[in-house]
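Peer 1: give me coordinates for this.
(one chain, ligands or ions: 1)
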Amino acid sequence: MDRSASASMPSSTASPPLYSFPIASFLNLPKAKELSALYTSAAIIISLLVLEQAVYRYKKRHLPGAAWTIPLIGKFADSVAPSMEAYKRQWDAGALSAVSVFNIFIVMASSNEYARKILNSPTYAEPCLVHSAKKVLRPDNWCVVFLTGKVHVDYRRGLNALFTRKALGIYVPIQEAVCRKHLTRWLAAAGKNSSSQPIMMIARHLNMETSLAVFCGSHIPEHAAQDINDKYWAITQSLELVNFPFAFPGTKVYKAVQARKVALHWLELAAHKSKIAMANGGEPECMLDEWVRSLADPAYKGRKEFSDLEMAMVLFSFLFASQDAMSSGLIYGFQHLADHPEVLSKVREEQERIRQGNYLKPLTLEMIDQMTYLYAVVKESMRTKPPVLMVPYKATRAFPISDDYTVPANSMVIPSFYNSLHDPEVYPNPEEFIPERWLDPNGSANANPKNYLVFGSGPHRCIGLEYAQMNIVLTLATAAVMMNFEHDVTPQSHLSDIIATIFPKDGCRLKLTPRTYA
Ligand code: HEM
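Peer 2: Residues are numbered from 1 along each chain as shown. Just a heads-up that it's a prediction; the model follows:
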C-alpha cells in the first residue's frame, strides 16, 4: 500500500484542508463604511495628482517642455542616468525650458543671455547645492557657495590672498614636483605593460595629490593624501541631482560623509601645523601658510581668527569645487593633444623655446606665462568639453527673467554653459578643436569674452580659475616634454560620461612611452 499517498491527501471529512479558505467571507461585499473610506482616499489621491499637473502647467506656462509631468517623480529617471544627448535635447528645446523632478520645478536656461542673467542677478537667484552636497560639505560649513550679499563679498576678499601672483609663484614648484613624480610612475607602469591604459583614475590621483600638496605642503603626510584620494571617489559618486534622502549606512551619501570626515581630519591637522610653522617664523610654503601669513599682515583688514576646523572646511570646499572639474579639464586636455598631433608638436616647439632646450630646468610662473599657445590649447579644450555643464541656482523670489516669463519663487533655475560655448557666431565650427582661434586678439572668440562661461560669471565666478588654468598648462607642458602619448581611440572615446563633471566614456586610453631627451 502506498502510505505516503494516503498520508498526503486528507479526506474531506477530516480536519479542513490547508488550502481551503473561508468562501463565505470572500464573497462578502465590503461594508459601506470601508467603501466610503476607499472612495475618499481615491478622490484625495486623484485630486492631488490633478493638482500636481495643474501647478506644473501653471508654472510652465508657454515654455517648451513636456506638456504633463510624470506623477510624483517627474523626470527622475533622466537625472539618475544623465546623458549629453538628453541634455542637448533639453537645451535645444528653447532658450528657456521647463522640467520637473520630484515636484521641484526647474527652468533650464540655455542661451548666453539667460545663463548670464541668472548668474548676475543675486537679488533674484543664488547658488543652490544639490541635497547630497550640503550633507557632504557639512550643513554648518560656511563656505563661499552658501553665502550671499556682503558676507559673501567680504569672505571672498579674505581668500584673495590665496590666489595672488605671489601665491601662485609659491605653488609652481610644488605642482611641478608632484606632476613629475606621477608622470614618471605612469611611464614606469607603461613600461611593464605595452597596451594602452585608461588615464581616468591615475589623472584624478595626480590632481588630488597636487591639490593637497598645494593646499597643505609638508603639513600633510603622503599617506594621508593617498587615504583621501582612495576615499574621494565616494564623494564624486554621491553628487547626483537626486539621492536617497537619508544618509543610512550603505547609501552613497553615507559613504561620502565618511570620506569627508577623513579628509577634514587631515586638513584640520595641517591647519594646526601651518599655524605653528608660521608662528615660528617659517616662510610660506603652501596655500595654508600663505593664508596664515596674510591674516597676520597689519595691512589686512578682515576677520583675523580662524579655527583649525574653519580653515579645514575652506580647503575642503576648494577640493570639493575643484577635484572633478580639474580632473575633467586635465583628461580632456590629454585627449585633445593626443588626437591632434599637429597641435602637440606646436606645444613642443613652444616648450623648446621657453625652456631653451633644458627640460630639467625648474618651471617658474614667468615661464608658464610665456606658454601662450598652450594656454590657448587649454582654453579651447575646456570650451569644446566644458567640465561643468551647468550650475544649479534657486530663485529666491519671483524672477522676471524675460519680457514674457517670470520664474516662480523657489524654483530651481539652471544656467547651462554648453550653448554659449558652442555658439557658431562666436566660435565658427564650434565642435572643432581649434586653439588658434584664441591667438587672434581681434578674432570673434576673444571679442566675446562673455560667452566663455567655463568658470561661470558674476559674484560666484570661480575663485580658483587662474590657478586652475595654470595647473592644467603646467601638467600638459610637463607631459609634452616627458612622454609621447598615443590615443587608443575606441567607439566610446568621443562620448561623454557625466559623473558630476564630464569625462570620456572610455576613460581616455593612452599608450605612453618616454621621450628620450626629457
Ligand atoms: C578646470 C577647473 C575648474 C572649473 C571648470 C571650475 C568651474 C567653476 C564654476 C562653473 C563655478 C560656479 C560659478 C558660478 O556660479 O558663476 C565655480 C565656483 C567655484 N570654484 Fe571653481 N572651477 C575649477 C577649479 C577650481 C579650483 C582649482 C578651485 C579652488 C582651488 C575652485 C574653487 C571654486 C569655488 C570656491 C567656487 C565657489 C565660488 C563662490 O561661490 O563664490 N574651482 N567653479
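Peer 1: need the pLDDT of A54.
Peer 2: At A54, the model reports a pLDDT of 86.
Peer 1: can you map out the helices along the stretch 201-350 of the chain?
Peer 2: According to DSSP state H, counting those that start in this stretch, the stretch 201-350 of the chain carries its helices in the segments 222-238, 252-279, 287-296, 308-339, 341-355.
Peer 1: nearest to A95, of those helices?
Peer 2: Distance to A95, taken as C-beta to C-beta, is lowest for helix 308-339 among the helices of the stretch 201-350 of the chain, at 25.1 Å. No exception for glycine: its C-beta is placed from N, CA and C like everyone else's.
Peer 1: could you pull out the buried residues of that closest one?
Peer 2: With burial defined by 16 or more other C-beta atoms under 10 Å, the residues of helix 308-339 counted as buried are 308-309, 311-338.
Peer 1: same deal with stretch 291-306?
Peer 2: Of all the residues in stretch 291-306, those buried under the rule 16+ other C-beta under 10 Å are W291, V292, R293, S294, L295, F306.
Peer 1: for that stretch, measure first residue to last.
Peer 2: Distance across stretch 291-306, first residue to last, is 10 Å (C-alpha to C-alpha, to the nearest Å).
Peer 1: so that stretch, near the ligand or not?
Peer 2: No - Stretch 291-306 lies out of reach of the ligand by C-beta under 6 Å from any ligand atom, never closer than 12.1 Å.
Peer 1: contact partners of that stretch?
Peer 2: Here stretch 291-306 makes contact (C-beta atoms under 8 Å, 6 or more residues apart in numbering) with 154, 157-159, 161-162, 271, 274-275, 278, 284, 311, 314.
Peer 1: put the buried members of those residues into a ChimeraX selection.
Peer 2: The ChimeraX selection below is limited to those of the contacts of stretch 291-306 classed as buried (16+ other C-beta under 10 Å):
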select :158,159,161,162,271,274,275,278,284,311,314
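Peer 1: which of the buried residues of stretch 291-306 has the weakest pLDDT?
Peer 2: Scoring the buried residues of stretch 291-306 by pLDDT puts F306 last, at 90.
Peer 1: from the ligand, how far out is that residue?
Peer 2: According to C-beta to the nearest ligand atom, to the nearest Å, F306 and the ligand sit 16 Å apart.
Peer 1: also E486?
Peer 2: With the distance defined as C-beta to the nearest ligand atom, E486 ends up 25 Å from the ligand.
Peer 1: in the sheet, who's paired with that residue?
Peer 2: Beta bridges link E486 to K511 when assigned by DSSP bridges.
Peer 1: for it, give me its contacts.
Peer 2: E486 makes contact with S196, A338, L510, K511, L512, according to C-beta under 8 Å, 6+ apart.
Peer 1: wait, which of those residues is closest to the ligand?
Peer 2: Closest approach to the ligand among those (C-beta to the nearest ligand atom): A338, at 18.9 Å.
Peer 1: how about that closest one, nearest residue that isn't a chain neighbour?
Peer 2: In space, and not counting its chain neighbours, A338 is closest to H487: 3.7 Å by C-beta to C-beta, 6 or more residues apart in numbering.
Peer 1: so that neighbour makes contact with Q335?
Peer 2: Yes - counting by C-beta atoms under 8 Å, Q335 is a contact partner of H487 at 6.3 Å.
Peer 1: quick check: the closest residue to M311 other than its chain neighbours vs M201, distance?
Peer 2: Using C-beta to C-beta, 6+ apart and skipping the chain neighbours, the partner closest in space to M311 is A271 (3.9 Å). In this view, A271 and M201 are 28 Å apart by C-beta to C-beta, to the nearest Å.
Peer 1: quick revisit: mind putting the contacts of E486 into JSON lines with pLDDT and distance to K379?
Peer 2: JSON lines is the format used below for the contacts of E486 (pLDDT from 0 to 100; distance: C-beta to C-beta, whole Å):
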{"residue": "S196", "pLDDT": "97", "distance to K379": "27"}
{"residue": "A338", "pLDDT": "98", "distance to K379": "18"}
{"residue": "L510", "pLDDT": "98", "distance to K379": "22"}
{"residue": "K511", "pLDDT": "97", "distance to K379": "27"}
{"residue": "L512", "pLDDT": "97", "distance to K379": "25"}
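Peer 1: which among those count as buried?
Peer 2: With burial judged by 16+ other C-beta under 10 Å, the buried subset of the contacts of E486 is S196, A338, L510, K511, L512.
Peer 1: Serialize those residues to CSV and add fields for distance to Y373.
Peer 2: Below are those laid out as CSV (distance: C-beta to C-beta, whole Å):
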residue, distance to Y373
S196, 27
A338, 17
L510, 21
K511, 25
L512, 22
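Peer 1: packing partners for the strand or helix carrying M470?
Peer 2: Using DSSP states H and E, M470 falls within helix 465-482. Contact here means 3 or more C-beta pairs under 8 Å, 6 or more residues apart in numbering; DSSP states H and E; on that basis helix 465-482 packs against helix 165-192, helix 200-216, helix 308-339, helix 341-355, helix 365-369, helix 372-384.
Peer 1: next one: it to chain centre, how far?
Peer 2: Centre-to-centre, helix 465-482 and its host chain are 20 Å apart (C-alpha atoms, centre = their mean, to the nearest Å).
Peer 1: which bits of this structure sit near the ligand?
Peer 2: 119, 127, 144-145, 156, 317-318, 321-322, 325-326, 329, 387-388, 391, 454-458, 460-464, 467-468.
Peer 1: now do L267 against S132, distance only.
Peer 2: Relative to S132, and taking C-beta to C-beta, L267 is found at 20 Å.
Peer 1: my bad, N451
Peer 2: 31 Å.
Peer 1: what do you get for G329?
Peer 2: Separation of G329 from S132 (C-beta to C-beta): 23 Å.
Peer 1: same question for T406.
Peer 2: Distance from T406 to S132, counting by C-beta to C-beta: 30 Å.
Peer 1: out of those two, which sits in the more crowded spot?
Peer 2: Each of T406 and S132 has its neighbours counted (other C-beta atoms under 10 Å); S132 has more, 24 against 17.
Peer 1: strands of the stretch 51-200 of the chain, residue ranges please.
Peer 2: Along the stretch 51-200 of the chain, the stretches classed as strands by DSSP state E, counting those that start in this stretch are 96-101, 104-109, 125-127, 197-198.
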